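> Sequence and predicted model, in that order:
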Amino acid sequence: MQIEPTWWISAVEAPVVAALFWMVHGLRKDLHDRIDRTTERESDAVGRTRDELAEFKLEVARSYVPLTLIRDVDRRLSQHLLRIEEKLEEVKHAGTLRSRDRERDDA
């Protein structure tokens, strides 16, 4: 004789199943809360580390590169930018003259 399995929960087992469900739900919620707190702590730590690194880089730049070298580079860059500006003005002026010549030729 074979006994058929029953798939229903008896009145005695229902509170046990409900308690197990409640425990699993509580554990799952606690796990998610812990993960969220860990993520927040890690992002705060990364932010602090990033700020400290930026401060360190600035301090290294201040102490590593002499001020005279920075001034020299700034002077050279300014001169080069002025030369570029002069060339652009020349090109703009030449373009204006050509368009005037074309207008006169068309007239």
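Ah, there it is.
> Tell me where the chain has helices.
13-64, 67-106 (DSSP state H).
> Show the pLDDT at residue 70.
Listed pLDDT for residue 70 reads 85.
> just residue 9 next, same as before
pLDDT, read off for residue 9, is 60.
> ditto for residue 53
Per-residue pLDDT puts residue 53 at 92.
> Check residue 76 too.
With respect to pLDDT, residue 76 has a value of 97.
> try the one 4 residues further on
Per-residue pLDDT puts residue 80 at 97.
> That one: neighbour count?
For residue 80, the tally of surrounding residues (other CB atoms under 10 Å) stands at 10. No exception for glycine: its C-beta is placed from N, CA and C like everyone else's.
> before we move on, what about the one 5 residues further on?
Per other CB under 10 Å, the neighbour tally for residue 85 reads 10.
> and the gap between it and residue 66?
From residue 85 over to residue 66 the distance is 29 Å, taken as CB to CB, to the nearest Å.
> Also residue 18?
Taking CB to CB as the measure, residue 18 falls 75 Å from residue 66.
> Repeat that for residue 20.
72 Å.
> How about residue 98?
Residue 98 sits 48 Å away from residue 66 when distances are taken as CB to CB.
> What of residue 29?
As judged by CB to CB, residue 29 and residue 66 stand 59 Å apart.
> With residue 78 instead?
When distance is defined by CB to CB, residue 78 is 19 Å away from residue 66.
> count of residues packed around residue 61?
Other residues within reach of residue 61 by the criterion other CB under 10 Å amount to 10.
> Read off the pLDDT value for it.
At residue 61, the predicted lDDT confidence score is 79.
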